[in-house]
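J.: from the sequence below, what's the structure:
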Amino acid sequence: DQLAIDTEAFSILPRIGEQDIFDSISLLPGIQSDEFGSSGIEIRGSMPSENLIVLDGITLYHVDHAFGLHTAIHRNTIENAKVYRSGFPAKYGGRSSGLLEFTSKSAGFEKMRVVGGINQSAGNLSLEVPLIKNVSFVVAGRKSISGFLLEDIYRGSYEGTFNSLLNSADDQTSPDISFYDTLAKINYLANTRNIFSVSYFQGKDKFALGYETDVLAGSDTLIAVSERVPVFDHINSWGNTGFSTRWLHKQNNLNVESTFSLSQYAADGWEEHNFVDSLRTSDGVEVGIVNEQSIIKNYLTDLSLSLNAELKMSANHFFDSGITIANIASEYSETELIENISVQHSMNKSMLLSTYAQHRAKIAALETNLGLRYTRYTLTGSNRFEPRISLSYRLSENLYAKAGFGTYSQYVNRISDSIENVENNNSWLLSNESILPNTSEQLVAGIAYQREHIHIEAEAYHKTSSGFFSPDFKNLVFPDEHNLYVVNNS
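T.: The predicted structure follows:
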């Protein structure tokens, strides 16, 4: 169930403000944007975290800016995109729903090109430069330039909806909202048989918010303290950084591609609360301000090496195979500073070994893709064999029927702590004894009519999922008391 997206056609689609890749993709049948302040994609009822998003071989774990106003992947940097709404082939794994694969643009070898733009919330600039013979370089960046629009979106999305705390203080300082993203790529055409590329991506967000109020303390007689005290301060930053190197080698009927990639998601949050504590002494009532601080950190690092081969056996028969070795680590910690310093820390590491083989064939009006994927997850000792099948039969020149089936597994899960957090309340954690892997079986069948500028289809889709876990976040992350460390602050 693959859809190839012409990124140049995005510009003709309806939009408000800057053209966004995910907004455009969400116009496709079976796909919609996430409703809860994120630009994630929901494919046939899935959570956004259940979809694999790949950019130049880099697995991305966070792809939105400013409560979903923008996708962190800018449209001007993308050359082509593939979307699998279900039944993606055995070459891909690690997610239990759909797949979005993006390839960034490669600069031309003839002349320099500069493109830029600005809107109410951000400015962007891209530069394509031919360096030396057969070597080109492209770099693109975007940065927020005004907080007024972002502040309005924040207030509309979060105030009075997710967080009752936002309405409990007298005065609210203006939120400090900012973001940026960068994509750079070097492309080297060694010869007609060898192409090398190096890609770098970074997308970051920052959010800060504060409230203050008059301090009041009560005893038999109400005492008012003429002091403005910040009752709540919140600073949060999060984002995704990635790097990849790719080598494509073509040899007669054989294509071999090797990819080394590194992806890291990082989120750091700091909160401070002040409240009044009144104590009766021999001299009366003393008013004290009690300060509580908390620091939350979540990191996920994904380091992988993959080798894929495509063999053209004949004009209508292809055999694909490959192997991927990934080293994945997740870390989560909470530090609370009141009278004592308490630290809870959880860290998991695992190797993820995957290998696959698939056969693609075209026999008269029938096209088939039969594949099998094997995955070994060392943290829990899990071994899974996952069959993948897709069929397409052309009934006429413009009409064809299709069907697909596949099983899928996901060992890296995004878990929400509480929707009462102000922003970025999701943490990426590895599956372990407490957090079960997310697995699914997908079956789809349908019929489609396609001709130039027209695409009509109807499908029936069935998906079963397992691996649901307890909603108690703390017990999932810190199941053992030995994860808690208390330091006396006196």
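J.: flag the shaky bits of the stretch 101-250 of the chain, pLDDT-wise.
T.: Low-confidence segments of the stretch 101-250 of the chain (pLDDT under 70): 109, 146-174, 211-232.
J.: residue 197 contacts residue 190, doesn't it?
T.: No. Here residue 197 does not reach residue 190: they are 11.0 Å apart, not a contact under Cβ atoms under 8 Å. The way it works is simple: take the backbone N, C-alpha and C, and place the C-beta from them, glycine included.
J.: neighbour count winner among these two?
T.: residue 197 (21 against 12; other Cβ atoms under 10 Å).
J.: who touches that one in this structure?
T.: Contact analysis of residue 197 by Cβ atoms under 8 Å, 6 or more residues apart in numbering lists 56, 106, 185, 186, 187, 188, 245, 246.
J.: next: residue 22.
T.: 33, 39, 40, 41, 63, 64, 71 are the contacts of residue 22 under Cβ under 8 Å, 6+ apart.
J.: of those residues, which one scores lowest on pLDDT?
T.: For the contacts of residue 22, the weakest pLDDT value sits at residue 39, with 53.
J.: quick check: longest strand of this protein.
T.: Ranked by number of residues, the top strand in the chain under DSSP state E is strand 284-314.
J.: which helices and strands does the following helix or strand past it pack with?
T.: Next helix or strand after strand 284-314 toward the C-terminus (DSSP states H and E): strand 317-337. Counting contacts by 3 or more Cβ pairs under 8 Å, 6 or more residues apart in numbering; DSSP states H and E, strand 317-337 packs against strand 284-314, strand 340-363, strand 426-430.
J.: out of those strands, which gets nearest to residue 265?
T.: strand 284-314 (4.4 Å; Cβ to Cβ).
J.: what packs against that closest one?
T.: Right, strand 284-314 is packed against strand 194-217, strand 223-251, strand 254-281, strand 317-337, strand 426-430 by 3+ Cβ pairs under 8 Å, 6+ apart.
J.: of all the residues in that strand, which ones are buried?
T.: Neighbour-count burial for strand 284-314 flags 287, 296, 297, 298, 299, 300, 301, 302, 304, 306, 308, 310 (criterion: 16 or more other Cβ atoms under 10 Å).
J.: for the second one, list the residues it contacts.
T.: In this case it means residue 296. Residue 296 touches 267, 268, 269, 270, 271, 332, 333, 334, 335, counting by Cβ under 8 Å, 6+ apart.
J.: is residue 135 in contact with residue 190, as I believe?
T.: No. At 9.6 Å, residue 135 does not count as touching residue 190 under the criterion of Cβ under 8 Å.
J.: I'd like the contacts of residue 296 as TSV, with neighbour count and pLDDT appended.
T.: Formatted as TSV, the contacts of residue 296 follow (neighbours: other Cβ atoms under 10 Å; pLDDT from 0 to 100):
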residue	neighbour count	pLDDT
267	23	91
268	16	90
269	21	86
270	16	83
271	18	81
332	25	90
333	17	88
334	21	86
335	17	86
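J.: name the nearest of those relative to residue 384.
T.: residue 332 (25.2 Å).
J.: contacting residues for that closest one?
T.: So residue 332 contacts 296, 297, 298, 345, 346, 347, 427, 429, 477 (Cβ under 8 Å, 6+ apart).
J.: what's the most distant pair in those residues?
T.: Maximum distance among the contacts of residue 332 (Cβ to Cβ): 14.5 Å, for 296 and 347.
J.: quick one: low-confidence parts of the stretch 251-400 of the chain?
T.: Using pLDDT under 70, the stretch 251-400 of the chain drops low at 274-290, 339-340.
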